[in-house]
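[1] Have a look; sequence and predicted model below, questions after that.
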Amino acid sequence: MQTLVSHKNRHQFGGSSVLLIILAGLLVLGVVAYFVLQEYATSKAKEEVDAVVTTMRSQGAVDLTYSDVSYDLLGQNVVISDVDLKAPTGGGYTVEEVVVRDYDTENDIPEYFAMEVNNFLMEVNESNFNEQWEDIRALGYETIQGDMVIDYRIDNEAQTFVINELSLDAVDFCEMKFSVSLGSITVNEATLMAYLFDPSSITVTSASLSYTDDSLVVRAMEQAAREEDLTLDEVKNQALQGIDEAIEEARQAGSERGVLLMEAVKTFILDPGTLSITMNPPQPVSVGQLTETPTPFEALDLMHMEVEVN
């Protein structure tokens, strides 16, 4: 596994870092959209948006403009159109439409929130992607464009935190969907910092992750071949060698599910499509239990992981 990771560390993903940058940037829109929801009427919503934008500008956070705010009485959705967000560093992006479908306006930390970001467009440059921008450009991306969804619900009385969906669908890049159900967790300002230092008491009831390649993995392997003066098949073979080593590690650890996962990854590398992972343990598993397993493969067994590739 280490061979596979070290082989791709730069171009393999502009990937994971790019996704984190996009997700972090787009979540700023959630802050703006949340304050929109303090009032239902469109006129009030516009006043709230303007107030938030003014505050953000005065704090030097971002400069945000939009063309319209509307409220759909039938669907009870707030829609912010033609958003243009610019950061102090010079980075920024545009969004055709932000749709807020469900929201909590009664708590400092919203206990439920559902938002769609439709058709964001971000230029691949140094301001947006820092030192990785040239690697991303080398993969053939001048812009990153797509949609995002965030939908979560907190129940402090039941001590649960459920992310129903956190997804990113970027054109000619990839589609990722994530969901998780956590227990033994109370979300408030006092506890959040404590969980950052010690999350061991939080339990995982279920989780799922799917990744659908839309040319990112293929582009990364092709770029590796160009840089190392290899054929695409030779690059794949190097990656497969690392995966075979990981399969053997899983066998030695006695992890049947670890073997299944790495075999699925091997199939995915040979023909990138969709890789889906689900975890449904018979009873909740604490983060502490997961960190105490001798190897990551045994953690997969504890979580009753299932994997599918197609």
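    That came through, no problem. In this text, all values refer to a predicted model and were calculated from it rather than measured experimentally.
[2] going forward, measure contacts between C-alpha atoms and count neighbours the same way
    Will do.
[3] how's this protein carved up into domains?
    Listed by automatic domain parsing, the domain ranges of the chain are 14-207, 217-309.
[4] Let's have those in a markdown table, adding mean neighbour count and mean pLDDT.
    Shown next, in a markdown table, are those (neighbours: other Cα atoms under 10 Å; pLDDT from 0 to 100):
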| stretch | mean neighbour count | mean pLDDT |
| --- | --- | --- |
| domain 14-207 | 17 | 84 |
| domain 217-309 | 18 | 94 |
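[5] gap between the nearest residue to residue 286 once chain neighbours are set aside and residue 303?
    Counting by Cα to Cα, 6 or more residues apart in numbering, residue 286 lies nearest to residue 203, which is 3.9 Å off, once chain neighbours are set aside. Relative to residue 303, residue 203 is positioned 11 Å away (Cα to Cα, to the nearest Å).
[6] Next, show the common contact partners of those two.
    residue 285 (Cα atoms under 8 Å, 6 or more residues apart in numbering).
[7] Residue 183 is in contact with the residue nearest to residue 286, correct?
    Yes - with contact defined as Cα atoms under 8 Å, residue 203 reaches residue 183; the gap is 4.9 Å.
[8] Quick check: neighbours shared by those two?
    With Cα under 8 Å, 6+ apart as the test, residue 203 and residue 183 both reach residue 284.
[9] one step back: contacting residues for the residue nearest to residue 286?
    182-185, 284-287.
[10] nearest to residue 96, of those?
    residue 182 (32.8 Å; Cα to Cα).
[11] Setting aside sequence-adjacent positions, which residue approaches the closest one most closely?
    Nearest in space to residue 182, with sequence neighbours left out and distances taken as Cα to Cα, 6+ apart, is residue 204 at 4.7 Å.
[12] Can you tell me how far the one you found is from residue 257?
    18 Å.
[13] quick one: residue 98 from residue 170, how far?
    In terms of Cα to Cα, residue 98 sits 16 Å off from residue 170.
[14] Partner strands of the helix or strand residue 102 falls within and their direction?
    Taking DSSP states H and E as the criterion, residue 102 maps to strand 92-103. If you go by DSSP bridges, strand 92-103 pairs up with strand 77-86 (antiparallel), strand 112-123 (antiparallel).
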